[in-house]
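Q: Curious how this folds, go ahead:
(2 chains)
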Number of protein chains: 2
Amino acid sequence: MLNVEIYITLKKTVSDPQGLTIKHALESLGYQNLQEVRVGKLVTITLNSEDKKKAKQKINEMCRKLLANLIIEDYSFRIKEV
Amino acid sequence: MLNVEIYITLKKTVSDPQGLTIKHALESLGYQNLQEVRVGKLVTITLNSEDKKKAKQKINEMCRKLLANLIIEDYSFRIKEV
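A: Here you go, the predicted model:
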């Protein structure tokens, strides 16, 4: 089986009010030195497959078709055998 | 500066309807071989600091106090120098 971790993040140029709210909350708890906080999604997919190369292609397709909104989001992923 | 990627996931025993919905959607798009799909959060924090050890401790605190709900969620993180 393959374990795929997909990281979906807002593009750098897109403002992230959720991240900003978390930043303010952390600062109000006394954490300084925060340059930036941004929030994204983590989608973990377990595949019944052993073929990493094919999986890579399928995951790219899934991200483009369904998981990420490429107008405002970027994605990357890591594939591990389990 | 340090770049911290925090991965917040639902505990294995907690059901994940959002993940299940994505799994069904992917299956209806023709993707078979999906064992499981789970959704989590990705919080990226950029710290104005160079001290990895201290950062590790602070990030653990932030996760416990604010970012993760340890009753139903687990967290892990990676720290990179940027």
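
Q: What ranges does chain A have for its helices?
A: Ranges of helices in chain A, per DSSP state H, are A:17-28, A:52-62.

Q: Mind putting these into CSV with mean pLDDT, mean neighbour count and distance to chain B?
A: (C-beta placed from N, C-alpha, C; glycine too.) Shown next, in CSV, are those (pLDDT from 0 to 100; neighbours: other CB atoms under 10 Å in any protein chain shown; distance: least, CB to the nearest CB, whole Å):
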stretch, mean pLDDT, mean neighbour count, distance to chain B
helix A:17-28, 98, 14, 6
helix A:52-62, 96, 15, 6
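
Q: what's the closest of the ones you listed to B:K56?
A: Comparing the helices of chain A against B:K56 with CB to CB, the closest turns out to be helix A:17-28 (15.7 Å).

Q: orientation of the closest one relative to helix B:52-62 in degrees?
A: Compare the direction of helix A:17-28 with that of helix B:52-62 by axes from the mean of the first three to the mean of the last three CA atoms, to 10 degrees and you get 100 degrees.

Q: just to revisit the earlier point, B:I45 is nearest to which of the helices of chain A?
A: Evaluated with CB to CB, the helices of chain A place helix A:17-28 nearest to B:I45, the distance being 8.1 Å.
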